[in-house]
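Enquirer: Dropping the sequence and predicted coords here.
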Protein chains: 2
Amino acid sequence: MEKLQEKIMADGKVLSDSVLKVDSFLNHQIDPVLMQAIGEEFASRFSGEGITKILTLESSGIAPAMMTGLVLGVPAVFARKRKSLTLVDRLYTASVHSFTKNETNDISVSRDFIDETDVVLVIDDFLANGQAALGLIDIVEQAGAALGGVGIVIEKGFQEGGAMLRNRGVRVESLAIISSLANGKVEFLEEEKAL
Amino acid sequence: MEKLQEKIMADGKVLSDSVLKVDSFLNHQIDPVLMQAIGEEFASRFSGEGITKILTLESSGIAPAMMTGLVLGVPAVFARKRKSLTLVDRLYTASVHSFTKNETNDISVSRDFIDETDVVLVIDDFLANGQAALGLIDIVEQAGAALGGVGIVIEKGFQEGGAMLRNRGVRVESLAIISSLANGKVEFLEEEKAL
């Protein structure tokens, strides 16, 4: 997605060979116009899958998930990283390990909102090791729902998550795939440049 | 806002005299079409304030904040409840006490995204004791920015937050004001019914 790649080149900050900071438009400050374009792009790519529900993880996945749901005309559900007072029972839960933070957290989704009649599109802001996506897919499977695919805003193509998911037969659509952050420079995979 | 009141009556669940569960369309599963209408309503109510930025708190504020930003043509910033690895310095921080959870948490916003040239509209999903709104207003003040107002999706009019903020001279616009949850029944303030 050219508009996204341009935004990453203009406003993304390479903090190390593995960390790209996109706080200015994706995961702290949100550019709503870009999110709308991202929602339209995901909706277009998955339009033939019969998606009935979007599933994401709080907090940075909410904006792209909601815009995708708006275009597809379906609700967006965000998994919670901790239980709230009014969300205590009837939960699907999965464990997600964060290599960056070196901690494992439970994520949870109410059983009220995903069931075996759903075709679920999993959306997230980043794909690196794929642990968050695996946790969300685990919840889709617990619900007996079908997985329509995984939509990622920015995939770190030099980490193993994308290959791991695709090897499992999951359809993964990433709007920007970064092949390298070496020497402070963002390089994209060629096929994405052609989109 | 009539559409919101109808949704609360149809899908909200009264758990006690003080707890209304709206997980099915606002703070776990999101109804994107309703969020778009909410964004349009906030944008309309604050259109004369010269808003340059929306500020909210993760996670449930993100959806209404982003839709409001989309309509007003300004970015939305969400305060974080804990520090992330790539967000370690140059922060505004404020303490927010949750009476429901009986805990105090720091919230933080990067200094990169709000400054003294901004007119900030604070958006949140619920207003009860007003502690989250106060924390966000504290951050606006630390930035030297102007406060354009506070937009709330659902105000619990029987708790003190709304009166406390309005007594401080803050313009508070709540799309639904609940006067009572007694006997398992949602009652709205009359003036809101007339909107």
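Expert: Received it, and whenever you're ready, just let me know what you need.
Enquirer: switch to C-alpha atoms for all contacts and neighbour counts from now on
Expert: Noted.
Enquirer: where does chain A come near chain B, residue by residue?
Expert: Proximity of chain A to chain B, by Cα under 8 Å from any Cα of the partner chain, involves residues A:21, A:24, A:28-33, A:58-59, A:62-63, A:66-67, A:69-70, A:73-80, A:85-86, A:100-101, A:109, A:113.
Enquirer: of those residues, buried ones?
Expert: When those are checked for burial by 16 or more other Cα atoms under 10 Å in any protein chain shown, the buried set is A:21, A:24, A:28-33, A:58-59, A:62-63, A:66-67, A:69-70, A:73-80, A:109, A:113.
Enquirer: Mark which of the residues you listed are part of strands, please.
Expert: Filtering these for membership in strands, criterion DSSP state E, returns A:21, A:29-30, A:76-79, A:109.
Enquirer: Output the longest strand belonging to chain A.
Expert: Longest strand in chain A by number of residues (criterion: DSSP E): strand A:146-156.
Enquirer: Parallel or antiparallel, which strands does that one pair with?
Expert: When pairing is defined by DSSP bridges, strand A:146-156 lines up against strand A:119-127 (parallel), strand A:172-180 (parallel).
Enquirer: Could you identify which of the ones you listed is most buried?
Expert: Compared across the strands paired with strand A:146-156, strand A:119-127 shows the largest average neighbour count, a mean of 26 (mean count of other Cα atoms under 10 Å in any protein chain shown).
Enquirer: starting at the chain centroid, how far to that one?
Expert: 4 Å (Cα atoms, centre = their mean, to the nearest Å).
Enquirer: So what touches it?
Expert: Taking contacts as Cα atoms under 8 Å, 6 or more residues apart in numbering or on different chains, the residues outside strand A:119-127 that touch it are A:26-27, A:49-57, A:60-61, A:64-65, A:133, A:136-137, A:140, A:145-156, A:161-162.
Enquirer: for chain A, which helix is longest?
Expert: Determined from DSSP state H, the single longest helix within chain A is helix A:32-45.
Enquirer: Show me what that one is packed against.
Expert: With contacts defined as 3 or more Cα pairs under 8 Å, 6 or more residues apart in numbering or on different chains; DSSP states H and E, the packing partners of helix A:32-45 are helix A:62-72, strand A:172-180, helix B:62-72.
Enquirer: hmm, 6 Å instead?
Expert: For helix A:32-45, the packing partners by 3 or more Cα pairs under 6 Å, 6 or more residues apart in numbering or on different chains; DSSP states H and E come out as helix A:62-72.
Enquirer: what sits up against the helix it packs on?
Expert: Among residues not part of helix A:62-72, those counted as contacts by Cα atoms under 6 Å, 6 or more residues apart in numbering or on different chains are A:35-36, A:39, A:43, A:75-76, A:123, B:32.
Enquirer: one more time with 8 Å
Expert: A:30, A:35-36, A:38-40, A:42-43, A:47, A:51, A:53-56, A:75-76, A:78, A:123-125, A:153, B:30, B:32-33, B:59, B:62-63, B:66.
Enquirer: So, low pLDDT: which residues of chain A?
Expert: By pLDDT under 70, the low-scoring segments of chain A are A:83-89, A:191-195.
Enquirer: Give me the residue at the spatial middle of it.
Expert: Residue closest to the mean C-alpha point of chain A, counted by Cα atoms, centre = their mean, is A:Asp124 at 1.2 Å.
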